[in-house]
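Enquirer: Here is a sequence together with a model predicted from it:
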There are 2 protein chains.
Amino acid sequence: MYSQLFQYIQKHTALPLTIAEEEVITQCFVAKKIRKHQFFLQEGEICKQYAFLVKGAMRQYTVDDKGTERIVNLFLEDWWVGDRESNIKNKPSNYYIDAWENAELLLVSREDMLNKLAPIPAIAEVLREMDNRHAIALQNRVSSAISLSAEQRYSELVKNYPEFLQRFPQHTIASYLGITKETLSRIRKKASKN
Amino acid sequence: MYSQLFQYIQKHTALPLTIAEEEVITQCFVAKKIRKHQFFLQEGEICKQYAFLVKGAMRQYTVDDKGTERIVNLFLEDWWVGDRESNIKNKPSNYYIDAWENAELLLVSREDMLNKLAPIPAIAEVLREMDNRHAIALQNRVSSAISLSAEQRYSELVKNYPEFLQRFPQHTIASYLGITKETLSRIRKKASKN
DNA sequence: CGCGGGTTTGATGATGCTCAAGCCCGGTGG
DNA sequence: CCACCGGGCTTGAGCATCATCAAACCCGCG
């Protein structure tokens, strides 16, 4: 499991890791498997740990008054999973995060992240990189959410995250796009006529 | 102008700055004033610099095929202004950024940011803090954009960023919320009947 | 006074939601 | 081997929300 994390690190930085640093890293991350539908985080809990998703697929969502799930994020291999606001501010989360497929995670506490990991230059760079990509992705999502139609947003998704379509059912994709499954179904029907 | 930047830094970190570090900071940031409607960045340009907004109000937006502006971000005092994607990837921006009120900026290049500023511990912490708040804000915006009605989004805005209502005209606020000025006008009318 | 930017109002229409029903398909048990 | 079940997907009818377009209004300013 750890080898994948190290590959990920090497992919996102040119800086090398010393043996000692590798040691620290393996100590900070705790392996955990969770099964489909199991929760990583529930509303009201504090997100004490962040997770590197080694294998599997996960969802982050809120549940509204009528009990409908609103998907706010989807995660696949090599993504970081957690609720940043809860983690940083140490406050109860508004979100649920659960496994959509059986998943393998590497958990790390906020303290270890800050005190032991962030001081390692290679890790610091990887975290910066991650932050950058994360911020860019969110910015683009905000931008398309407020300015594009359902149809346009769907085709952006097809372009940017085609894997999602393979791994998650349509009603989940629909919710992620902020539309209903019926609307998505009609959009796909229309799109397939080309 | 610089005093405000130092106040901002002190507000977001407990770490002290040495005289030498303060010196480096003042050297890296270049003061610039821009007048209402002047551009900080135009579509197609590369965002070489980031800016700390000392005074004034700014807007970031795209322009669609019909020539309509879609506001994606609004900035006030003590915010960081720039297009991260363009800045980091060194690629042409999709956005315009201009001044809505006459503004005073402190400009910093990406190289200085990385090479001279980031190594200063206090600055590193401030940048991390900034990233955190930024990511949290974006996440919340995505979440409300996909799951709330126009009316609900407006009341979130009133709650979270009441200053915006004082500083920007309604048609700008409407666009920021992803609705038309007419819809916003009607929402406000309805809301005022309470 | 008249102009211009911003806001409001009304009429109309498109987009996407809700609710209800039916379909498809893989899995389970008789 | 078939009947049935359940989850997911599709389809249709009616409706709510919000966009569009056009006109009027408001108000500060030359």
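Expert: Yes, it's here. From a predicted model like this one, the values you see are computed outputs, not experimental measurements.
Enquirer: Next, see if the longest helix along chain A gets close to chain B.
Expert: Longest helix in chain A, counting residues (DSSP state H): helix A:121-147. Yes. Judged by CB under 8 Å from any CB of the partner chain, helix A:121-147 comes into contact with chain B at A:131-132, A:134-136, A:138-143, A:145-147. The C-beta positions use only the backbone N, C-alpha and C, and glycine is treated the same way.
Enquirer: For the residue most central in space within chain A, give me its contacts.
Expert: Centroid-nearest residue in chain A, with CA atoms, centre = their mean: A:Phe75, separated by 3.8 Å. By CB atoms under 8 Å, 6 or more residues apart in numbering or on different chains, the residues touching A:Phe75 are A:Leu53, A:Ala57, A:Met58, A:Arg59, A:Gln60, A:Val81.
Enquirer: Mind checking which of the residues you listed are in strands?
Expert: Cross-referencing the contacts of A:Phe75 against strands under DSSP state E gives A:Leu53, A:Met58, A:Arg59, A:Gln60, A:Val81.
Enquirer: The third one contacts A:Trp100, doesn't it?
Expert: Okay, so that is A:Arg59. Yes. Between A:Arg59 and A:Trp100 there is a contact under CB atoms under 8 Å: 5.2 Å.
Enquirer: So if I had to pick from these two, which one is more boxed in?
Expert: A:Arg59 (22 against 19; other CB atoms under 10 Å in any protein chain shown).
Enquirer: Need the pLDDT of that one.
Expert: pLDDT for A:Arg59: 96.
Enquirer: next one: the one 4 residues further on
Expert: According to the model's per-residue confidence, A:Val63 sits at a pLDDT of 91.
Enquirer: Wait, it touches A:Glu43, no?
Expert: Yes. Under the criterion of CB under 8 Å, A:Val63 makes contact with A:Glu43 at 7.1 Å.
Enquirer: Now for those two: what residues contact both?
Expert: Shared contacts of A:Val63 and A:Glu43, counting by CB under 8 Å, 6+ apart, come down to A:Tyr96.
Enquirer: Which one's more surrounded, these two?
Expert: Neighbours per residue, other CB under 10 Å: of A:Val63 and A:Glu43, the larger number sits with A:Glu43, 16 against 13.
Enquirer: does chain B sit close to stretch A:180-194?
Expert: No. Judged by CB under 8 Å from any CB, stretch A:180-194 makes no contact with chain B; its nearest approach is 11.7 Å.
Enquirer: what's the offset of that stretch from the middle of its chain?
Expert: Relative to the centre of its chain, stretch A:180-194 is centred 26 Å away, using CA atoms, centre = their mean, to the nearest Å.
Enquirer: now swap in stretch A:56-75 and tell me
Expert: The answer for stretch A:56-75 is 12 Å, by CA atoms, centre = their mean.
Enquirer: who touches A:Ile173 in this structure?
Expert: Counting by CB under 8 Å, 6+ apart, A:Ile173 touches A:Leu157, A:Phe164, A:Leu165, A:Leu184.
Enquirer: Below-threshold pLDDT in chain A: ranges please.
Expert: Along chain A, segments meeting pLDDT under 70 span A:194.
Enquirer: can you count the residues close to A:Phe164?
Expert: Around A:Phe164 there are 16 other residues, counting by other CB under 10 Å.
Enquirer: Quick check: it touching A:Ser175?
Expert: No. The criterion here is CB under 8 Å, and A:Phe164 misses it with A:Ser175 at 11.8 Å.
Enquirer: before we move on, back to that, please name the bridge partners of the residue nearest to the centre of chain A.
Expert: For A:Phe75, the beta-bridge partners are A:Met58 (DSSP bridges).
Enquirer: Could you look up the SS state of the spatially closest residue to A:Cys47 that is not a sequence neighbour?
Expert: Among residues not flanking A:Cys47 along the chain, A:Ser86 sits closest, at 3.9 Å (CB to CB, 6 or more residues apart in numbering or on different chains). Following DSSP: H, G, I helix; E, B strand; the rest coil, A:Ser86 is assigned to helix.
Enquirer: Tell me which stretches of chain A form strands.
Expert: Applying DSSP E to chain A gives strands spanning A:30-34, A:39-41, A:49-55, A:58-63, A:69-75, A:80-81, A:96-99, A:103-109.
Enquirer: what inclination does the fifth one have with respect to strand A:58-63?
Expert: So the one you mean is strand A:69-75. The directions of strand A:69-75 and strand A:58-63 differ by 160 degrees, with axes from the mean of the first three to the mean of the last three CA atoms, to 10 degrees as the criterion.
Enquirer: Would you mind listing what in chain A touches DNA strand D?
Expert: Within chain A, the positions near DNA strand D by CB under 7 Å from any atom of the strand are A:Pro169, A:Gln170, A:His171, A:Lys181, A:Glu182, A:Leu184, A:Ser185, A:Arg186, A:Arg188, A:Lys189.
Enquirer: rerun at 10 Å
Expert: Residues of chain A lying close to DNA strand D (CB under 10 Å from any atom of the strand) are A:100, A:146-147, A:149, A:165, A:168-174, A:180-190, A:192.
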